[in-house]
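S.K.: generate a structure from the sequence data that follows.
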Amino acid sequence: MKTTALTPQLEALLRDSPFAYLCTVDASNQPHVTPIFFTFDFSASSLYFAAFSATKKLANLRVNHRLSLTVDIRDPVDPLNNFGVLIRGEAEILGSMASLEEKELEEWKPLLSRFEEKYPRFREWLRGALADVKPACLWWVRVKPSKITAWKGPRFEALASRWEQ
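M.R.: Next up, the predicted model:
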């Protein structure tokens with residue numbers, strides 16, 4: 001199947017939705033689902049999120065880079081209006097930051113800017129989290145989608161079987 005461009009409605013969903021549900025699998029093949037904050041870079045066909053060192057999602061990704069995630073809008077009155085996207089892909093752990101010192105901010109400035117644009121209080125949250133979480137190390141993760149499936153109500157459509165790297 002050839003790669004299909006995302007519709008404006010799907011782009012808006014990936015750009016504007018506040019969180020996604022990330023599914024990873026541990027060494028025993030047990031699934032783990034957790035909500036995440038994310039940004040989607042359409043020019044690079046990549047999704048980015050962050051995870052602290054001690055999280056199950058990061059431990060799972062160190063064992064198995066394959067994942068899936070869902071971003072959706074749910075209508076509690078009429079489920080035929082539900083709309084969403086399922087992304088399958090591979091995670092790449094890019095690196096970490098342990099503080100908001102200038103050298104670390106400089107290294108991650110483009111990614112931090114993307115998160116601050118979408119989540120205006122992101123740096124405030126990060127500052128508090130880095131002070132409270134032990135070990136205080138935030139890891140940045142990039143997801144390259146390999147398959148995207150969208151749905152509206154009961155209708156599902158595979159939109160992409162591969163993305164140009």
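
S.K.: next secondary structure after the longest helix along the chain?
M.R.: Among the segments of the chain that qualify as a helix by DSSP state H, the longest is helix 102-118. Proceeding C-terminally, helix 102-118 gives way to helix 122-132 as the next helix or strand, assigned by DSSP states H and E.

S.K.: those helices in the chain, which residues are they?
M.R.: Counting by DSSP H, the helices of the chain are 8-16, 56-63, 102-118, 122-132.

S.K.: please work out which of those helices is packed deepest.
M.R.: A comparison of the helices of the chain by mean neighbour count, using mean count of other C-beta atoms under 10 Å, puts helix 56-63 on top with a mean of 18. Every C-beta, even on glycine, is put in place using the N, C-alpha and C of the backbone.

S.K.: okay, the angle between the longest helix of the chain and helix 8-16?
M.R.: On the basis of axes from the mean of the first three to the mean of the last three C-alpha atoms, to 10 degrees, helix 102-118 is oriented at 140 degrees to helix 8-16.

S.K.: ok, which of the helices of the chain comes nearest residue 83?
M.R.: With C-beta to C-beta as the measure, helix 8-16 is the member of these nearest residue 83 (7.0 Å).

S.K.: which helices and strands sit right next to the closest one?
M.R.: In terms of contact count using 3 or more C-beta pairs under 8 Å, 6 or more residues apart in numbering; DSSP states H and E, helix 8-16 is assigned the packing partners strand 66-73, strand 83-97.
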